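J.: Need the 3D shape of this:
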Amino acid sequence: MPKPYLICRDEELKDGDRRVVSCDGTEVGVFRVDGQLVAWHNECPHRSGPVCQGRLYKRVIEPVDGNGHVRAMAYDENVTNIVCSWHGYEFDLKTGANQGTDKIKLRKVQLELKDGNVYVVV
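T.: Below you'll find the predicted structure:
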């Protein structure tokens, strides 16, 4: 039966912050990205690495010119990625989708806000 676990007070989790917690053995990462709360199982779909502990950064874009050459790297300020530290798989932090294929996704965790507290239900 799913059970709620207290993560923190809502105001404690600032934009760009994360909390990675164990809920009776199930590890979960809770993030605030662009003002939005999201929660994922701390298990990369590639090889079960601790994805929620990975590096956060804006999506890298490599614009290609007409001759197929990369001119420079740029960043998409609208997309924040998380990178699994084991093998470098990248995921959109808001959607959980892998940057290479939308067939690989992080597993979402249900969030609840109640009385100013953030809970996950696992």
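J.: Can you get me the start-to-end distance on stretch 108-120?
T.: 10 Å (Cα to Cα, to the nearest Å).
J.: For it, what is the distance to the chain centroid?
T.: 16 Å (Cα atoms, centre = their mean, to the nearest Å).
J.: Can you give me the buried ones in that stretch?
T.: V109, L111, V118, Y119, V120 (16 or more other Cβ atoms under 10 Å). C-betas here are computed from N, CA, C, even on glycine.
J.: and the two most separated of these?
T.: V109 and V118 (11.4 Å; Cβ to Cβ).
J.: Run through the residues that contact A97.
T.: For A97, the contacting residues are F91, I104, K105, by Cβ atoms under 8 Å, 6 or more residues apart in numbering.
J.: could you redo the last one with a cut-off of 10 Å?
T.: The contact partners of A97, by Cβ atoms under 10 Å, 6 or more residues apart in numbering, come to E90, F91, K103, I104, K105, L106.
J.: so which of those residues is the most crowded?
T.: L106 (26 neighbours; other Cβ atoms under 10 Å).
J.: Verify the stated contact: that residue with V38.
T.: Yes. Taking Cβ atoms under 10 Å as the definition, L106 is a contact partner of V38 at 9.1 Å.
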